[in-house]
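>>> this is a predicted model, with the sequence first.
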Amino acid sequence: FVFATLVVGSIVNFALMYLLAPTAAAAAGGVASQSLLVRVLSEEFLVKWGAPGGNMFQPGFPLNKRLLNFVYKGTIFAIIGMMAGTVGTSISNGLLYARQKFDPTYVSANEPPSVLGNAACWSLHMGVSSNLRYQLLGGTDVVLMKVMPLGVFRVYSAVIRGLNNIVGGMSFVTIARMFGVQKSGSASTPVLQES
């Protein structure tokens, strides 16, 4: 399961960076020259609908437009999570299957996760947890950039994003356990003892 999570997490990170980052550069080329995918991933539709384009905490927007941003971005994140979860879990399960074929004595400590179940957990995680953390970090950045010296802000940004990755990992594991996608090979959970 850990391997599947790492594979899917890597695909999600790549997908978010590849699909969302180029939209700013593509926006300069004009709407007519952009593919529908680029247009959907850009801020074009949000701006047309009068909603904030970046994060929901940008100043000057009413609550309903902020919520529209949250739902729109959450939907995009959820779709990316579902696609990456499907591809990544399929790859991971395929590699486990291949290992078992090449080494019949190999027994996995955990059963391979369900492709659809794992992908659905990634979709939920990305659409809700990742989206909420993205929105909060974006809103906090705008405020703190104005009051922190640049060097201090850069250190803060690196630390908070590292912590965000940890929280995101814990969030996914919590969702996966809630829905029974992550199952341990042993019935007992190890207990940490204080020294």
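Sure, I can see it.

>>> from here on, just use CA atoms for contacts and neighbour counts.
Noted.

>>> ranges for the helices of this protein?
2-20, 22-27, 36-41, 44-48, 63-102, 115-124, 131-147, 150-178 (DSSP state H).

>>> name the spans of this protein whose pLDDT lies under the cut-off.
1-5, 16-33, 183-195 (pLDDT under 70).

>>> find the centremost residue of it, please.
Centroid-nearest residue in the chain: residue 126, 4.1 Å away (criterion: CA atoms, centre = their mean).

>>> hang on, isn't that one packed against residue 83?
No. Contact criterion CA atoms under 8 Å: residue 126 and residue 83 do not qualify, at 11.1 Å.

>>> rewinding a little: quick one: which of the helices of the chain is nearest residue 55?
Smallest distance to residue 55 across the helices of the chain (CA to CA): 5.3 Å, for helix 131-147.

>>> returning to what we had before: dump the helices of the chain to JSON lines, plus mean neighbour count.
Compiled in JSON lines, the helices of the chain are given as follows (neighbours: other CA atoms under 10 Å):
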{"stretch": "helix 2-20", "mean neighbour count": "17"}
{"stretch": "helix 22-27", "mean neighbour count": "14"}
{"stretch": "helix 36-41", "mean neighbour count": "16"}
{"stretch": "helix 44-48", "mean neighbour count": "15"}
{"stretch": "helix 63-102", "mean neighbour count": "19"}
{"stretch": "helix 115-124", "mean neighbour count": "24"}
{"stretch": "helix 131-147", "mean neighbour count": "16"}
{"stretch": "helix 150-178", "mean neighbour count": "14"}
